[in-house]
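# Output the structure for:
(chains A and B)
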Amino acid sequence: MSKKTTKVHVELTRRDVLTVAVAAAGSAIIAPLITSGPFSPFGGLKQEQLTGAKPQATKHPTGEYHWGMVINLDTCIGCEYCLRACSATNDVATDRPWNIVVADKTSSGQPFFFSRPCLHCQNAPCVEVCPVRATYHREDGLVVMDYDRCIGCRYCEVACPYDARKFNWAQRYDTNPYIPTYGIPEVPRRPRGVVEKCTFCIQRIDAALERGQKPGIDREATPACVNICPVGARTFGNLNDPNSQVSQMIANNSTIQLRSELGTEASVYYIPPKEGL
Amino acid sequence: MASIPLEHPAQGKPARIKPGLVAWFGLIGLCLVIGLAAAYDVFSKGLTVTAMSDAVPWGLWITIDLSAIALGAGAFTLSAVVYLFGLKRFQSIIRLAVYVGFIGYSAALLTLVMDIGRPDRFWHPWVYWNVHSVLWEITWCITIYLTIMAFEFMPVLADAKFFRRWPWFGKLAHSLHTLAPALALLGLAISLLHQSSLGATYGIVKARPIWFKPSMPIMFILSAVAVGPAVTMAIAFVIEWITGKATIAHEVLRAIARFSGIALLAYGYIKIWDFAALTYYGQSPAVVKALSFLDQQTPYNFTFWIVEVLGGIIIPAIFFLSNRFNKNPALLVLGTGMAVIGIIMNRWNVTVSGLFVRVAFSPGTQFTLQPVSYFPNLPEWGIAIGILGYAMLMLTVGVIFLPLFPKEPENS
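Below is the predicted model of the structure:
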């Protein structure tokens, strides 16, 4: 290490510019060759395998069942019983309900009530974004959570187009005012730091199927919000069975899915008010 | 701290403990105490102590994550410049760039651990894979890249006096040195992936009108490539002012400033086109509604045009590129400071402003969820101050104990 001073020229020379330009151009040529060209490992795939969204959407309910719901906005009276029964049965915090009921107006000014559980999208944004697969699709199309795996990053809350997810900001010590009037808790409270959501009461569906009962027909096998509705605005059943009540209602009424333009393929269908929306 | 004789390894002379240094460590200590107190509050009571809610589930901490990772981008940019493009004259700043990058990324990981609801499960993304998730990919990339930077930095540690007591470490570290080009290539690939994926985190969310666009990843990576190297440059100048020792040739630093200036202009160009696409020919009713809501309820317009575009892109680019200004180190540091503020503002505008616009999904026309407001509260600022203290501590310790600069002062 001599003590002599080093003279440094730092100007971008033509050579440097050329080096960088050639490197950039080279990458631009090589990139398509190795991703979609003859050297690509994906070369053998067909186009529809590469652009996945649509085929995936029909894939999800791989089993015999695809549980779905029809909500009739024309008959709903806004009593909030669905919210309360859900809150009691699943022991949900009353200020952060899984089911919401709100007053709304059609474009002609006619008031109606709008309610919303989780829509159990077949192309669910929350399932796609979860970094640990804590949210997943079951074979019967339901979107459920593994509360032991969730890390609480809240990306699913950000990604859900329907605001259907709630985070446990603190350990819960509240007493649920809807117990026991509207139901008895069937699942434990979720711990602090995880996201939670509506499950269509899978605890009922799974147990009932083992007993040979039919969800949507037998009350013990049907979600609490559907059972309690005093005007029968909610119907639950198997969308895969063309003879089920839900399939019949969808076939015989004009129904809509919320934000269907996003391609989420929700499992909940709405019958709009008679006056139209 | 005061009892430890401080030595500058490059010079071999014990540095005297000056009151200024003691005061500086006092300030860092204060920041760390505030951070630890806030961390205790968050860990004991949960995220309920923050101002975040189900409506705005991401806030200041995510802004810090994104900013810290973008500001650490000097490491991969300059490594690629030296080891892949072969511009060896920038070799002298590599050590500092990698160190600054390491600080930025580790600061981001620290903030992330605070931000997730179950810090005890931070390791889940490595065990339970969801390869469709951008966030999963980012977690992997950041951890891998942190490891790469640790490897890149090992020769520097081996040069430090403290580590000379284990000769095997030095041998191992210096054999890693031959891997530098391979590490730079891997680092470049991984960084290009996750820096842009951070933008994709928002760009793929089809539920949110002003996020869902393909330009997000491009703007994120361009802004990181522009500001990352400038941060390294500014830190080199500041270290030179404080220690009074020539560190890196000013010509090298000026060249980096010019590079940042050009990259800032490229970023600005894409940003203007993105603005045009969002508000003019690519607009949708949802976007129009969202932007007019932001204009009415938040200082979004001011922060976008004045802080992000004018203060964060145009003025720094003039300082960096004009020969009249870029001979003056003070203006280069000032320009970097403004660009950094612009980046932080941009990440805030993406994260929090995007969340302010509530999703509307009712089939009717009247009902939308109530607009919410969010401003970080005391525990959140406390964590932010603690993270800042961590970064200052790492930087100070590095400057005092590690040979971050070439042994020959090149600037005489």
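# Provide a list of residues in contact with A:A21.
By Cβ atoms under 8 Å, 6 or more residues apart in numbering or on different chains, the contact set of A:A21 is empty. For every residue, glycine as well, the C-beta is placed using N, CA and C.
# That one is in what secondary structure piece?
In the assignment (DSSP states H and E), A:A21 maps to helix A:14-35.
# Not counting sequence-adjacent ones, nearest residue to B:F153?
In space, and not counting its chain neighbours, B:F153 is closest to B:V98: 5.3 Å by Cβ to Cβ, 6 or more residues apart in numbering or on different chains.
# who touches whichever residue of the stretch 151-300 of chain B sits closest to chain A in this structure?
Closest contact between the stretch 151-300 of chain B and chain A, by Cβ to the nearest Cβ, is at B:A207 (3.4 Å). Taking Cβ under 8 Å, 6+ apart, we find B:A207 in contact with A:125, A:159-162, A:259, A:262, B:359.
# Widest-spaced pair of those residues?
Within the contacts of B:A207, A:A159 and A:R259 form the most distant pair, 12.9 Å apart (Cβ to Cβ).
# count of residues packed around the nearest residue to A:C160 once chain neighbours are set aside?
Closest residue to A:C160 apart from its sequence neighbours, by Cβ to Cβ, 6+ apart: A:C126 at 5.3 Å. Using other Cβ atoms under 10 Å in any protein chain shown, the number of residues around A:C126 comes to 27.
# host element of A:C126?
A:C126 is part of helix A:125-129, with elements assigned from DSSP H and E.
# Quick one: mean pLDDT for that helix?
Per-residue pLDDT over helix A:125-129 has a mean of 95.
# Can you give me the buried ones in stretch B:270-277?
Under the neighbour-count criterion of 16 or more other Cβ atoms under 10 Å in any protein chain shown, stretch B:270-277 has B:271, B:274 buried.
# sorry, that was for stretch A:165-178
Within stretch A:165-178, the residues that qualify as buried by neighbour count (16+ other Cβ under 10 Å) are A:165-169, A:172, A:176, A:178.
# Now do it: distance from first to last residue.
In stretch A:165-178, first residue to last residue: 20 Å (Cα to Cα, to the nearest Å).
# Quick one: check it for contact with chain B.
Yes. Counting by Cβ under 8 Å from any Cβ of the partner chain, chain B has neighbours in stretch A:165-178: A:165-171.
# what mean pLDDT does that stretch have?
Average pLDDT, stretch A:165-178: 95.
# now what about it, what contacts it?
Where contact means Cβ under 8 Å, 6+ apart, the residues beyond stretch A:165-178 that reach it are A:84-85, A:87-88, A:91-94, A:96-98, A:118, A:126, A:152, A:154, A:156-157, A:185, A:189-197, B:45-48, B:52-54, B:57, B:117.
# Repeat the analysis, applying 7 Å as the threshold.
Here stretch A:165-178 makes contact (Cβ atoms under 7 Å, 6 or more residues apart in numbering or on different chains) with A:84, A:87-88, A:91, A:93-94, A:96, A:126, A:152, A:154, A:156-157, A:189-197, B:45-48, B:54, B:57, B:117.
# same check, this time on stretch B:285-297
Here stretch B:285-297 makes contact (Cβ under 7 Å, 6+ apart) with B:209-210, B:278-279, B:300-301, B:353, B:356-357, B:371.
# Cross these against helices and list the overlap.
Counting by DSSP state H, the part of these found in helices is B:300-301, B:356.
# ok, back up a step: where is pLDDT lowest across the contacts of B:A207?
B:V359 (83).
# That residue: neighbouring residues, count only.
Using other Cβ under 10 Å, B:V359 has 19 other residues around it.
# and if you look at A:A233?
A:A233 has 22 neighbours, counted by other Cβ under 10 Å.
# nearest spatial neighbour of whichever residue of chain B sits closest to chain A, skipping sequence neighbours?
Using Cβ to the nearest Cβ, the closest approach of chain B to chain A is made by B:G117 at 2.0 Å. Among residues not flanking B:G117 along the chain, A:G152 sits closest, at 2.0 Å (Cβ to Cβ, 6+ apart).
# for that neighbour, what are its contacts?
The contact partners of A:G152, by Cβ under 7 Å, 6+ apart, come to A:167, A:193-195, B:116-118.
# secondary structure class for it?
coil (DSSP: H, G, I helix; E, B strand; the rest coil).
# if you skip the residues just before and after it, what's nearest to A:M249?
Nearest residue to A:M249, sequence neighbours excluded (Cβ to Cβ, 6+ apart): A:V70, at 4.7 Å.
# which of the residues in the strand or helix carrying B:W140 are buried?
With secondary structure defined by DSSP H and E, B:W140 is part of helix B:134-159. Going by neighbour count (16+ other Cβ under 10 Å), the buried part of helix B:134-159 is B:134-146, B:148-149, B:151-159.
# pLDDT score assigned to residue 21?
Just so you know, I chose chain A. pLDDT recorded at A:A21 is 88.
# Not quite, go with chain B.
B:L21 is assigned 90 on the pLDDT scale.
# quick one: it from B:V399, how far?
Look at B:L21 and B:V399: by Cβ to Cβ, to the nearest Å, they are 11 Å apart.
# In terms of neighbours, single out the busier of the two.
Counted by other Cβ under 10 Å, B:L21 and B:V399 do not tie: B:V399 has more neighbours, with 20 against 17.
# Not counting sequence-adjacent ones, nearest residue to the more buried one?
B:I239 (5.6 Å).
# Let me know the helix or strand that the one you found is in.
Assessed by DSSP H and E, B:I239 sits inside helix B:216-243.
# just curious, which of the contacts of B:A207 is nearest to A:N253?
Ranked by distance to A:N253 (Cβ to Cβ), the contacts of B:A207 are led by A:R259 at 19.5 Å.
# Pull the contacting residues for the closest one.
A:161, B:361.
# Pop out the phi and psi values for it.
Dihedral angles of A:R259 (phi, psi; degrees, to the nearest 10) stand at phi 50, psi 50.
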